[in-house]
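# Sharing a sequence plus its predicted fold:
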Amino acid sequence: MKQNSIKALSIQIRLSGLSFCILNRTTATIELLKHVNLEKKVTPFEVLNELKTSIESLPDFKQKFETVTCIYQNELSCLVPKDIFDENNLADYLKFNAKILKNDYISYDTLSINDSVNVYVPLVNINNYVFDTFGTFEYKHSSTVLIETLLGLSSKFSEDKLYINVNTSTFELVFIKQQQLILYNSFEYTTKEDFIYYILFTLEQLKLSPETIKTVLTGEIENNDELYSILYKYIRFVDFVFADHKYTIPEEMVQNSKHNDFILLNSFN
């Protein structure tokens, strides 16, 4: 008798695009990696239309999934130490470093790995559609996945490291020292000069030397593009992240997905 495979779906959502990943848990194989890139940031309503189009046009999404996870990637997030966190003050945590609206729904993830809480704004219209389409699902912020994965990786290395996760018009910096999270921050950039300025400024504030700090890259960056070139011009030790998952990725999907899709591939619990 043929055994049914157990499948999991992760959807990464940002205002400039969508990414989808289907994991066959039974065979530990990635069966789908799909990206929908938009030319510019759009509204949550337009993102929902793109999501509907993708899900309704591909038969891959018609199968049964054991788990479905939505990962929200935006700058509307804030880390709060767990011992001072109060669920009644969600808007207060966000309003000092993000522009939020009165009717924004605010949620949070608990990061047990470092006793913190990640407060952020998900998209209610997306949540409603995903629930109507797939039933019960989980959602979290992309920085939750990024920080938990990198802190887990840090237990295997003794060196302090600066991680840079690059997106189309934003990037996140994570600095881990002695296996402790020292800094997480998100920046918007338009040019390669913006990109390197924020990185060098952060190094200066942390009193880190570009000559010695080990810098590790994830996300939308390659070793032949202008972001990498200017980074390597000013920082001596630059490398790409090692994948922290045990999944088999078919050759036609691999390319640079191990670092490009780092958050997506590490979003499966």
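Arrived safely. Numbering: from 1, shown residues only.
# Tell me how many other residues surround the nearest residue to Ser169 once chain neighbours are set aside.
In this structure, Ser169 finds its nearest non-sequential neighbour in Glu188, 6.1 Å apart by Cβ to Cβ, 6 or more residues apart in numbering. Where C-beta positions appear, they are placed from N, C-alpha and C, glycine not excepted. Using other Cβ atoms under 10 Å, Glu188 is surrounded by 11 other residues.
# same deal with the one 3 residues further on?
For Thr191, the count of nearby residues is 11 (other Cβ under 10 Å).
# Same question for Ser142.
24.
# So for it, what's the nearest residue that isn't a sequence neighbour?
Nearest residue to Ser142, sequence neighbours excluded (Cβ to Cβ, 6+ apart): Gln73, at 3.9 Å.
# dump the residue contacts of that neighbour.
Contact analysis of Gln73 by Cβ atoms under 8 Å, 6 or more residues apart in numbering lists 12-14, 141-142, 167, 263.
# With Lys140 instead?
Residues in contact with Lys140 (Cβ under 8 Å, 6+ apart) are 69-72, 109, 118, 267.
# And Leu18, how close does it get to Leu58?
From Leu18 across to Leu58, the span is 12 Å (Cβ to Cβ, to the nearest Å).
# Between the two, which is the more surrounded one?
Leu18 (21 against 13).
# just how off-centre is the helix or strand harbouring that one within its chain?
Using DSSP states H and E, Leu18 sits within strand 17-24. Centroid displacement of strand 17-24 relative to its chain, using Cα atoms, centre = their mean, to the nearest Å, is 13 Å.
# What are the buried residues along whichever helix or strand comes after it?
Once strand 17-24 ends, the next helix or strand along the chain (criterion: DSSP H and E) is strand 29-37. Neighbour counts using 16 or more other Cβ atoms under 10 Å place 30-33, 35 of strand 29-37 among the buried residues.
# what kind of secondary structure is Tyr197 in?
helix (DSSP: H, G, I helix; E, B strand; the rest coil).
# how about the helices in this structure?
Ranges of helices within the chain are 44-57, 90-95, 124-134, 142-154, 192-205, 226-234, 251-254, 257-260, 262-265, based on DSSP state H.
# Single out the most deeply packed of those helices.
With neighbours defined as mean count of other Cβ atoms under 10 Å, the helices of the chain peak in mean count at helix 262-265, which reaches a mean of 24.
# Now Glu159. Nearest residue, chain neighbours left out?
Lys214 (5.2 Å).
# can you count the residues close to that neighbour?
If we define neighbours as other Cβ under 10 Å, then Lys214 has 15 of them.
# With Gln180 instead?
Gln180 has 11 neighbours, counted by other Cβ under 10 Å.
# residues contacting the nearest residue to it once chain neighbours are set aside?
Spatial nearest neighbour of Gln180, excluding adjacent residues (Cβ to Cβ, 6+ apart): Asn114 at 7.3 Å. Shown in contact with Asn114 (Cβ under 8 Å, 6+ apart): 147, 151, 180-181.
# Which two of these have the greatest separation?
Largest separation among the contacts of Asn114 by Cβ to Cβ: Ile147 and Gln180, giving 11.5 Å.
# Show me the shaky parts of this protein.
Counting by pLDDT under 70, the chain shows low-confidence ranges at 1-3, 243-244, 254-258.
# how about 80 then?
Applying pLDDT under 80 to the chain flags residues 1-4, 96-103, 157-158, 242-245, 251-258, 269.
# Tell me who's in contact with the residue most central in space within it.
Closest to where the C-alpha atoms of the chain average out (Cα atoms, centre = their mean) is Ser142, at 3.4 Å. Ser142 makes contacts with 12, 71-73, 263, as judged by Cβ under 8 Å, 6+ apart.
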